[in-house]
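[1] Quick check, what structure comes out for this input:
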Amino acid sequence: MEPVSWSFSFIVIIIAIALLFDFTNGMQDAANSVATVVSTRVLSPRQAVVWAAFFNFIAFLFFGTHVATTIGVGLIDINVVNPHVIFCGLLSAIIWNILTVYWGIPASASHALIGGYLGAAVAKAGFGVVIVRGWVKVGSFIFIAPLLGMVLGNLLMIFTTWLVRKQPLRRINLWSRRLQLLSAALYSLGHGGNDAQKTMGIIASLIFTSGHMKTFHIPLWVVLSSYSAIALGTLSGGWRVIKTMGQKIVRLRPIDGFCAETASATSIFLATHLGIPVSTTHVITGAVTGVGAARSVSSVKWQVTLRIIWAWVLTIPMSALIAAAIYRVSLLVF
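    Alright, predicted model coming up:
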């Protein structure tokens, strides 16, 4: 850890940028939280974002700080990190988030953050700063999380379809709409519980590496401000991505939305319990694809899914390269 030499005002500015990232994370992932309930007409877009934002915020009551700790001290050697590294990583993540929202691509804001953090840290001190075991865990869940969402969504769709096979369609839709309110709430809880913690870990790392905190921990004010920022971002929407998630992959019925959200929430809850930062975007996309495939493999627009997968693959390396470039240029400028 470096001695206290960073001005208080600079630290406050970086915290503000971190919360701005959290806001853009909520804005990007608003689509994941509300696309299914909007696409199935269970809730209007305005009602859906309010519903999702509320459960994003109260997630702090249900989850600990395991993911935040992984981000803070489990991926990069915190002893060689400084506020400049965190600043460059955050700028990179925000730039990538804004670009993917503009393009309507449901990329991972979470992976943009850890990719930016990685790129700036490596630019400062080389690849020796990387904690390999932490990245193995994160890297494995890049594949495990969406596959788990896909399998769970597929199995749940098959089971529920069999369960209601003798019921009239009107009754199925009525109960599916009611249950989808619950599944959307559970998904939003999972989203807030995993994604807000990533910003919490970054802010705690900033305070620690600047010398303003003696031991690494997650203060309560960091928890509350991070959950508030992501909830406000969700309220702002992200309607381009909602269209991709809700209709371009597969057209959803209420029962499909319930199965996709329930499968996603289950997968995210598991990862959060294990302290693994996952992409909620990856999970819900996998679940939606699995649900569609249970109906008919041909009902899934695989070319759209392939485009999204390419965004997944590119996010970490692209955000890392952007962060490294920002770090190098900032050294020349300042």
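[2] Please make it C-alpha for all contacts and neighbour counts, starting now.
    OK.
[3] Count the residues that sit near Val136.
    12 (other C-alpha atoms under 10 Å).
[4] One more: Ile114?
    The burial count for Ile114: 25, using other C-alpha under 10 Å.
[5] With Ala323 instead?
    33.
[6] Pull out the buried residues from the one helix or strand it maps to.
    For Ala323, the host element (DSSP states H and E) is helix 302-333. By 16 or more other C-alpha atoms under 10 Å, the buried positions in helix 302-333 come out as 305, 308-309, 311-312, 314-327.
[7] and stretch 188-196, what's its mean pLDDT?
    Across stretch 188-196, pLDDT averages out at 92.
[8] What of stretch 272-283?
    Per-residue scores along stretch 272-283 average to 88.
[9] now do stretch 71-79
    93.
[10] ends of that stretch, how far apart?
    In stretch 71-79, first residue to last residue: 14 Å (C-alpha to C-alpha, to the nearest Å).
[11] Val291: how many residues sit nearby?
    Neighbours of Val291 using other C-alpha under 10 Å come to 33.
[12] Tell me the pLDDT of it.
    87.
[13] surely it meets Gly149?
    No: with contact defined as C-alpha atoms under 8 Å, Val291 does not reach Gly149; the gap is 9.5 Å.
[14] Now the common contact residues for these two.
    Ala260 (C-alpha atoms under 8 Å, 6 or more residues apart in numbering).
[15] shaky segments in the stretch 1-150 of the chain?
    1-5, 30-33, 36, 101, 105-106 (pLDDT under 70).
[16] The same query, at a cut-off of 90, please.
    The model of the stretch 1-150 of the chain has pLDDT under 90 over residues 1-9, 20-21, 24-52, 80, 94, 96-112, 137-139, 141-143, 145-146.
[17] the helices in it, which residues?
    For the stretch 1-150 of the chain, applying DSSP state H, counting those that start in this stretch gives helices covering 8-39, 45-58, 66-73, 83-103, 109-125, 132-163.
[18] What is the burial count for the residue lying closest to Phe57 once chain neighbours are set aside?
    Using C-alpha to C-alpha, 6 or more residues apart in numbering and skipping the chain neighbours, the partner closest in space to Phe57 is Tyr227 (5.0 Å). Neighbourhood size, Tyr227 [other C-alpha under 10 Å]: 31.
[19] Provide the contact partners of stretch 262-279 at residue level.
    So stretch 262-279 is contacted by 63, 65-71, 108-111, 137-138, 141-142, 145, 148-150, 152-153, 156, 183-184, 186-191, 193-195, 198, 280, 283-284, 287 (C-alpha under 8 Å, 6+ apart).
[20] Mind checking which of these are buried?
    Buried among those (16+ other C-alpha under 10 Å): 63, 65-71, 108-111, 137-138, 141-142, 145, 148-150, 152-153, 156, 183-184, 186-191, 193-195, 198, 280, 283-284, 287.
[21] Could you name the helices and strands sitting against the longest helix seen in the chain?
    In terms of residue count, the longest helix belonging to the chain (DSSP state H) is helix 169-209. If you count contacts as 3 or more C-alpha pairs under 8 Å, 6 or more residues apart in numbering; DSSP states H and E, helix 169-209 packs onto helix 8-39, helix 45-58, helix 66-73, helix 83-103, helix 220-236, helix 254-273.
[22] Try it again at 10 Å.
    Judged by 3 or more C-alpha pairs under 10 Å, 6 or more residues apart in numbering; DSSP states H and E, helix 169-209 is in contact with helix 8-39, helix 45-58, helix 66-73, helix 83-103, helix 109-125, helix 220-236, helix 254-273, helix 280-295.
[23] Asn173: which of these is closest?
    helix 254-273 (6.2 Å; C-alpha to C-alpha).
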